[in-house]
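S.K.: I'd like to go over a predicted model; first the sequence, then the structure.
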Amino acid sequence: MAFAYVLITVIVALTVPLAVNLRERAESDLLGQAKVTAQALAASFDSSSLAPGSRDRLTRQAERYSRQIEGRVLVMDEGGVVLADANPFSVPVASGVGEDYATVQRPEVLSALVDGEPSAIVRTSDELAVDLLLASAPIVDDPDGRPVIVGAVRITLDVQRVSDSVRRVTIVVIAIGLAGLLAGMLVAFVLAGSLARPLTKLAAAARSLGKGDLSTRVGGIGGPDEVRELAGSFDEMADRVERTFQAQRSFVANASHQLRTPLTGMKLRVERASDETDDPELRTQLEAADREVDRMAATIDRMLEMAHEVEEGAPTEADAGEAARAGAERWADRASQRGAEITTDAADRAPVHANPTDLDQIVDNLLDNATAYAPGAIEVTVTPGPKRTVLAVRDHGPGVAPDERETVTERFSRGRAAPAGGSGLGLAIARELAERWGGSLELISPPGGGTLVEIRLRPAPGPSSGGVGSDDRPVADEARIT
């Protein structure tokens, strides 16, 4: 009987957290994707787009975006009054043009207009009888060189199919747990000894899957027939879960592709207009528009990076020194335009356990972050060590505020001093890519001010992995950002 109680505890401990984690992860990913999409659309508008004489063009633009994202698109002025409403849903819905959407019933709109922050929520529509994902982002313009909120974009997406899929997965998880509990109670007294090891392996697999490793499978497992059937059911459930999240990643990729196509055409037209105009003021505005298009394209690329996974059979060794030098060369022109100068001090060879593409993305995101936040001297160093190889980027800007140190490496988190228009993904991408390879990202407040970002990676096996240096270089304890 004691073993039966233990078995009940194990099954419940596996089922409930896994079901909760799956639901929370799915909703979090959906909200994050919707906020990025809303930001990308908002970046394509400015004060001239919202002018009274541009309403027809504004409506056509909203309708085009509505078809691309397969969702409703509303464009509002700074007071929350709807200027354009593009609705693709088959169920008739009254047009919102002319209505005031800046109300307490629509907190996502207030967040964009009042706080200047993107926001996303899931709400059930009584009119459409489906779950809707609502996301809003501010439209920011800088006519006088200062960012000003001139309006907002709200998108509405039907998430009923994804919600139903997650709900089915949750039911499968619960069903597997109940089936395992029943089978275990029937054979508890007979198979107590042979159940321990298989259940331990199954528990480890469930924890791994719950933490986000969608490739986790139990595979061949010993024990009674009931336990082997449970393992097989677990693997089937894991397959369904992986397909669900692959569908979400496909949504991100498809949305990014649909946005990239009009961006390419827009960029070509802006560049052509800039080359042909003789008006210096107009050329300045067109060059600013060209930079905005580049920023939107970078945001789309980051959406894809966050959905990227390491491909099976991809290289697992990269040279951190070479990546640092190549990154500094790639960013030299961009840094010069932003008033920054990049210097490197990297070992001739510093092999680390990482994919070369991931390592290049880490360097690019750190240099992008440094040049955007703190123009000036930027130093890139690579120091091999016996346990850790440290790739560091140091700037001499204002540093990170103490109350923001816990959150600046999280997705969509941006400091108060951050320049307008960023997505808050740079440091998050660098941290997640480093952790993917058993590494870490640390923020340090060095003597003399500024910010030091250290990426600590495992050296690749080989005689060259134990070079001079150490990951425990002397840094004042009180200066570390924890």
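M.R.: Done, it's in.
S.K.: And Arg330, how far from Arg338?
M.R.: In this structure, Arg330 lies at 14 Å from Arg338, with CB to CB, to the nearest Å as the measure. C-beta: built from backbone N, CA, C; applies to glycine.
S.K.: Sorry, wrong one. I was asking about Ala323.
M.R.: For Ala323, the distance to Arg338 (CB to CB) stands at 21 Å.
S.K.: So between those two, which is more surrounded?
M.R.: Using other CB atoms under 10 Å as the criterion, Ala323 and Arg338 rank with Ala323 on top: 25 against 17.
S.K.: quick one: contacts for that one?
M.R.: Contact partners of Ala323, counting by CB atoms under 8 Å, 6 or more residues apart in numbering, are Pro356, Leu359, Asp360, Ile362, Val363, Leu391.
S.K.: what's the helix or strand for it?
M.R.: Taking DSSP states H and E as the definition, Ala323 sits inside helix 320-330.
S.K.: Please point out which parts of that helix sit buried.
M.R.: Along helix 320-330, these residues count as buried under the neighbour rule (16 or more other CB atoms under 10 Å): Ala320, Gly321, Glu322, Ala323, Ala324, Arg325, Ala326, Gly327, Ala328.
S.K.: Tabulate the residues you listed (CSV), appending distance to Val227 and pLDDT.
M.R.: Written out in CSV, the entries for those read as follows (distance: CB to CB, whole Å; pLDDT from 0 to 100):
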residue, distance to Val227, pLDDT
Ala320, 45, 92
Gly321, 50, 91
Glu322, 49, 92
Ala323, 46, 91
Ala324, 50, 92
Arg325, 54, 92
Ala326, 51, 89
Gly327, 50, 88
Ala328, 55, 89
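S.K.: Distance to Lys201 added to those, as a markdown table?
M.R.: Written out in a markdown table, the entries for those read as follows (distance: CB to CB, whole Å):
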| residue | distance to Lys201 |
| --- | --- |
| Ala320 | 36 |
| Gly321 | 41 |
| Glu322 | 41 |
| Ala323 | 38 |
| Ala324 | 41 |
| Arg325 | 45 |
| Ala326 | 43 |
| Gly327 | 42 |
| Ala328 | 47 |
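S.K.: Pull the number of nearby residues for Ile444.
M.R.: Applying other CB under 10 Å, we find 19 other residues in the vicinity of Ile444.
S.K.: for it, which residues make a bridge with it?
M.R.: Beta-bridge partners of Ile444, counted by DSSP bridges, are Leu452, Arg480.
S.K.: any idea how far it is from Ile455?
M.R.: Between Ile444 and Ile455 the distance, using CB to CB, works out to 12 Å.
S.K.: before we move on, the earlier item: I'd like the next helix or strand past the helix holding Ala323.
M.R.: Using DSSP H and E, the first helix or strand after helix 320-330 is helix 332-337.
S.K.: Just checking: what are the partner strands of the helix or strand following that following helix?
M.R.: As assigned by DSSP H and E, the chain's next helix or strand after helix 332-337 is strand 341-346. Taking DSSP bridges as the criterion, strand 341-346 sits next to strand 377-383 (parallel) in its sheet.
S.K.: Could you check which helix or strand contains Arg283?
M.R.: Under DSSP H and E, the secondary-structure element containing Arg283 is helix 280-307.
S.K.: Likewise for Leu230?
M.R.: With elements taken from DSSP H and E, the one containing Leu230 is helix 225-276.
S.K.: How about Lys387?
M.R.: Using DSSP H and E, Lys387 falls outside every helix and strand.
S.K.: repeat for Ile155
M.R.: Assignment of secondary structure by DSSP H and E places Ile155 within strand 148-158.
S.K.: What residues of that strand count as buried?
M.R.: Of the residues in strand 148-158, those scored as buried under the neighbour-count criterion (16+ other CB under 10 Å) are Ile149, Val150, Gly151, Ala152, Val153, Arg154, Ile155, Thr156, Leu157, Asp158.
S.K.: Any of the contacts of Ala323 buried? List them.
M.R.: Counted by 16+ other CB under 10 Å, the contacts of Ala323 give Pro356, Leu359, Asp360, Ile362, Val363, Leu391 as buried.
S.K.: hang on, the earlier thing: tell me which of the buried residues of strand 148-158 is nearest to Ser274?
M.R.: Val150 (23.1 Å; CB to CB).
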